[in-house]
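Participant: Please find the sequence and the predicted model below.
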Amino acid sequence: MRKILPKFIDDELKDHAREAKQPKAGEAFTLQTSTQSSVLLDNNNMSRVGTMVLGPAGAGKSTFCNSIISHMQTIGRRAHIVNLDPAAEATKYEFTIDIRDLISVDDVMEEMDLGPNGALIYCFEYLLKNLDWLDEEIGDFNDEYLIFDCPGQIELYTHIPVLPNIVRHLTQQLNFNLCATYLLEAPFVIDSSKFFSGALSAMSAMILLELPHINVLSKLDLIKGDINKRKLKRFLNPDAMLMIETDGMNQESNPKFLRLNQCIANLVDDFGMVQFLPLESNNPDSIATILSYIDDITQWAEGQEQKEPDDQIDVEE
Ligand SMILES: Nc1nc2c(ncn2[C@@H]2O[C@H](COP(=O)(O)OP(=O)(O)OP(=O)(O)O)[C@@H](O)[C@H]2O)c(=O)[nH]1
Ligand SMILES: [Mg+2]
């Protein structure tokens, strides 16, 4: 593990991290990213495939990453998890690439006397200044499918453009065909007013990351007994205006927010991007369906076909 020693401590980063403990309203700061690395230059023409698993804290992202890896192993596909959460707990699957080998929230909190949020921001700023580390780690898995398990703090792509910068680096510098898989917890969104809040957070991720995007309603098993199939379908493929009219949102809402609710419903309707795929992490069918959508978006199969001639040359040699 690369330990954070005092000599690594960059004063500029330290100041940013300290400021982050007391953010000022509406303030964002620009990050300098390192884009130069020998690995990056060597592999400029290589097309890589992967998915960024995103969503609020506790939405089931790491569980989904593990389920999808397990499913891929069952069907004979190779894939690896890249842990981008410097505060991640150990899981039953090992991360192939782990940001905690570079820097971890625990170390930063201890060595720099920062709280968990300041430490998280410090970790990502440190990563952005040391992207050559990520390039080198990814360079070892040029042909492999990578699943990026991201942290749940929404401010990492709204307030501070950390994840958008990393995504840009992966797609533009490392030639990744990436898809964002955005998880929302079913028990949270299965109520019209909460649904719109979740839909807005999903749209915000889509707009800021500028990636092809699928939404997933996670932990479906937790609501199965409380909701019939017909109602569930209305959340998976929602008609926003109908939800406002029929679910009593108008009556329940404070009249002051009635127009706002209608505007949000209009916006969600206009974008037409808030369909959800159902996820039960322990149900292989549900995992297989989501993977097939991700594969369509990232054109994984086409990448495999392109690789075939090389494989044949290897065999003949
Ligand atoms: N019932 C049920 N529980 C789930 C499911 N997926 C995840 N969980 C549980 O939800 C909790 C959070 O899951 P994680 O996978 O750690 O969620 P996360 O989004 O990675 O969380 P952070 O990394 O902290 O943001 C854990 O207790 C999981 O066991 C699911 O499909 N069904
Ligand atoms: Mg996690």
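Facilitator: Now that the structure is in, tell me what you want to look at. Numbers count the residues shown, from 1 in each chain. Ligands and ions are numbered 1, 2, ... in the order given.

Participant: can we go C-alpha only for contacts and neighbour counts from here?
Facilitator: Fine.

Participant: SS state for the nearest residue in space to Arg100 that is not next to it in sequence?
Facilitator: Distances taken as CA to CA, 6 or more residues apart in numbering put Pro86 closest to Arg100, at 5.3 Å, once the chain neighbours are dropped. Classification of Pro86 using DSSP: H, G, I helix; E, B strand; the rest coil returns coil.

Participant: all strands of the protein, in order?
Facilitator: 48-54, 79-83, 97-98, 145-149, 176-185, 213-218, 276-278 (DSSP state E).

Participant: how many neighbours does His213 have?
Facilitator: The number of residues packed near His213 is 24, by other CA atoms under 10 Å.

Participant: isn't it right next to Thr181, touching?
Facilitator: Yes. Counting by CA atoms under 8 Å, His213 does reach Thr181; the two are 6.0 Å apart.

Participant: would you turn the strands of the chain into CSV with mean pLDDT and distance to ligand 1?
Facilitator: Output for those, formatted as CSV (pLDDT from 0 to 100; distance: least, CA to the nearest ligand atom, whole Å):
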stretch, mean pLDDT, distance to ligand 1
strand 48-54, 94, 8
strand 79-83, 95, 10
strand 97-98, 95, 14
strand 145-149, 95, 7
strand 176-185, 94, 8
strand 213-218, 92, 6
strand 276-278, 90, 10
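
Participant: Check the burial of Leu114 by counting its neighbours.
Facilitator: Neighbour tally, Leu114, other CA under 10 Å: 21.

Participant: Any chance of the backbone angles for it?
Facilitator: Reported as degrees, to the nearest 10, the phi and psi values for Leu114 are phi -110, psi 160.

Participant: Do I have it right that it meets Val108?
Facilitator: Yes. In this structure Leu114 lies within contact range of Val108 using CA under 8 Å: 6.9 Å.

Participant: returning to what we had before: list the contacts for the residue nearest to Arg100?
Facilitator: Residues counted as contacts of Pro86 (CA atoms under 8 Å, 6 or more residues apart in numbering) are Ile99, Arg100, Ile103, Ser104, Val105, Leu120, Cys123, Pro151.

Participant: What subset of the residues you listed is buried?
Facilitator: If you count burial by 16 or more other CA atoms under 10 Å, the buried members of those come out as Ile99, Arg100, Ile103, Ser104, Val105, Leu120, Cys123, Pro151.

Participant: right, and the first one touches Ile81 too?
Facilitator: No. The pair Ile99 / Ile81 is not scored as a contact, 11.1 Å apart, by CA under 8 Å.

Participant: Help me confirm that Arg194 comes into contact with Glu185.
Facilitator: One correction, residue 194 is Lys, not Arg. No. Applying CA under 8 Å as the test, Lys194 and Glu185 come out as separate, 10.7 Å apart.

Participant: Same drill for these two, tell me which one is more crowded.
Facilitator: Neighbours per residue (other CA under 10 Å) separate Lys194 from Glu185, with Glu185 holding more: 22 against 13.

Participant: so where's the stretch 101-250 of the chain shaky on pLDDT?
Facilitator: Applying pLDDT under 70 to the stretch 101-250 of the chain flags the ranges 239-250.

Participant: near ligand 1, which residues of the stretch 1-150 of the chain show up?
Facilitator: Contact residues, the stretch 1-150 of the chain versus ligand 1 (CA under 6 Å from any ligand atom): Pro56, Ala57, Gly58, Ala59, Gly60, Lys61, Ser62, Thr63.
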